[in-house]
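> Coordinates for the following, if possible.
(2 chains)
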Number of protein chains: 2
Amino acid sequence: MQLLEDRIRREGVVKEGDVLKVDSFLNHQMDVSLFEAMGREWKRLFDGCGVNKILTIEASGIGMACIAAQSFHCPVVFAKKTATKNIAGEVWRTSVRSYTHGRVYDVIVSRDYLGPADRLLLIDDFLANGAALSGLLDLAMMSGATVVGAGIAIEKAYQPGGELIRSRGIRVESLARIKSMSESGGVEFC
Amino acid sequence: MQLLEDRIRREGVVKEGDVLKVDSFLNHQMDVSLFEAMGREWKRLFDGCGVNKILTIEASGIGMACIAAQSFHCPVVFAKKTATKNIAGEVWRTSVRSYTHGRVYDVIVSRDYLGPADRLLLIDDFLANGAALSGLLDLAMMSGATVVGAGIAIEKAYQPGGELIRSRGIRVESLARIKSMSESGGVEFC
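As a prediction, the model looks like this:
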């Protein structure tokens, strides 16, 4: 998606440790007009697939998932990274290793909001090693929901996550796919 | 706001420990068409106030803040509850006591995205003791930004937060104000 690639070229900053900083428009400060364009693009890609719910994970995925949901006319559910006492009753639960934070955390979704009637589009801001997206897939499988596919903003295509998820038979549509990046050379797209 | 009050009456569940469970439409599963109506109402209330940025806090505030930002044609910034290595450089930082989770956590915003040029609308899903909203106010004050006001979905008006924030001279517009609630008697609005 040209609009997103252009924005990454213009405002993205590559930092040591394989970090792409896009927090001026994507995951700290958020440009909702960009999110609208991304939502329309995912709708175009997954049109006719019967998506009736969007599943994302807190926190960076929530904004773009809500805006995308306007195109799909469906609700959003976000997986929570820790149990809170506000969620009573039964939950679907899995573990996710965060490479960014260097720890393992539990991810939960209430069973009330994820089940066999759901045809899910999974949405997240980044796909790198695939840990978060695998976690969402696990939760979907446990619940008996159908996963129509995954809409990703930025995929680090040189990392194993995309291949890992696609090898599980899941359609992944990433709006910007990074072939390589470096502090000196910037970002190169596929 | 009638639409929100009706929804709370229909789907809200009062649990022990002064918990109002609204996770079928507000803060776990999210009804974005309801968020659109809420965003339009905040826009009506704060129209002409020159809002040029929305500040919220992860995670439950992000969805409604992004949808509201469509009415205000401005970006959203969300305060993060823990420092991540993706935020380099300087941040505005304060501490917030979470009564829900029973602990104190740090809240940060990059100095790049909050400063004297910003005229802020603060948005959050709940106002009870006022801890989270006070934290956002602290960050805004540190940065030199102007706080136009706060847009809250649900205020527990019998708790001290609303009075606390208003006594600091901040305009607070809550779309549903709860006068009292109980497991047996349900929710009564102001």
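> per-residue confidence at the residue lying closest to residue A:118 once chain neighbours are set aside?
Counting by Cβ to Cβ, 6 or more residues apart in numbering or on different chains, residue A:118 lies nearest to residue A:145, which is 4.0 Å off, once chain neighbours are set aside. The C-beta positions use only the backbone N, C-alpha and C, and glycine is treated the same way. In this model, residue A:145 is scored at 98, pLDDT.
> Pull the contacting residues for residue A:145.
Residue A:145 is in contact with A:53, A:55, A:114-120, counting by Cβ atoms under 8 Å, 6 or more residues apart in numbering or on different chains.
> any weak-confidence spans in chain A?
A:83-89 (pLDDT under 70).
> And stretch A:175-190, what's buried?
Buried residues in stretch A:175-190, counted by 16 or more other Cβ atoms under 10 Å in any protein chain shown: A:175-178, A:181, A:187, A:189.
> ok, now how distant is the spatially most central residue of chain A from residue B:161?
Using Cα atoms, centre = their mean, the residue of chain A that lies closest to the mean C-alpha position is residue A:124, 1.2 Å off. According to Cβ to Cβ, to the nearest Å, residue A:124 and residue B:161 sit 33 Å apart.
> before we move on, what about residue A:134?
In terms of Cβ to Cβ, residue A:134 sits 39 Å off from residue B:161.
> Would you mind pulling the contact partners of stretch A:12-29?
With Cβ under 8 Å, 6+ apart as the test, stretch A:12-29 has contacts from A:7-8, A:11, A:31, A:34, A:60, A:64, A:125, A:128, A:153-154, A:156, A:178, A:181-183, A:186-187, B:75-78, B:80, B:85-88, B:109-110, B:112-113.
> Convert the C-alpha atoms of that stretch to PDB, please.
What follows is stretch A:12-29, C-alpha atoms only, in PDB (Å, rounded to 0.1, in the frame of the first residue of the first chain):
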ATOM      1  CA  GLY A  12       9.800   5.900  10.100                       C
ATOM      2  CA  VAL A  13      13.100   5.800  12.000                       C
ATOM      3  CA  VAL A  14      15.300   2.600  12.100                       C
ATOM      4  CA  LYS A  15      16.900   2.100  15.600                       C
ATOM      5  CA  GLU A  16      19.400  -0.500  16.800                       C
ATOM      6  CA  GLY A  17      17.900  -3.800  17.800                       C
ATOM      7  CA  ASP A  18      15.800  -4.200  14.600                       C
ATOM      8  CA  VAL A  19      13.400  -1.500  15.800                       C
ATOM      9  CA  LEU A  20      11.300   0.500  13.300                       C
ATOM     10  CA  LYS A  21      10.000   3.500  15.100                       C
ATOM     11  CA  VAL A  22       6.600   4.600  13.600                       C
ATOM     12  CA  ASP A  23       5.200   6.200  16.700                       C
ATOM     13  CA  SER A  24       4.500   9.500  15.100                       C
ATOM     14  CA  PHE A  25       1.600   8.100  13.100                       C
ATOM     15  CA  LEU A  26       0.900   4.400  13.900                       C
ATOM     16  CA  ASN A  27       1.400   3.200  17.500                       C
ATOM     17  CA  HIS A  28       1.700   6.100  19.900                       C
ATOM     18  CA  GLN A  29       0.500   9.100  18.100                       C
END
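> tell me the SS of residue A:4?
Under DSSP: H, G, I helix; E, B strand; the rest coil, residue A:4 falls in the helix class.
> Cross-check the contact I'm expecting between it and residue A:177.
No - counting by Cβ atoms under 8 Å, residue A:4 sits too far from residue A:177 to count as a contact (10.3 Å).
> Nothing else from me, thank you.
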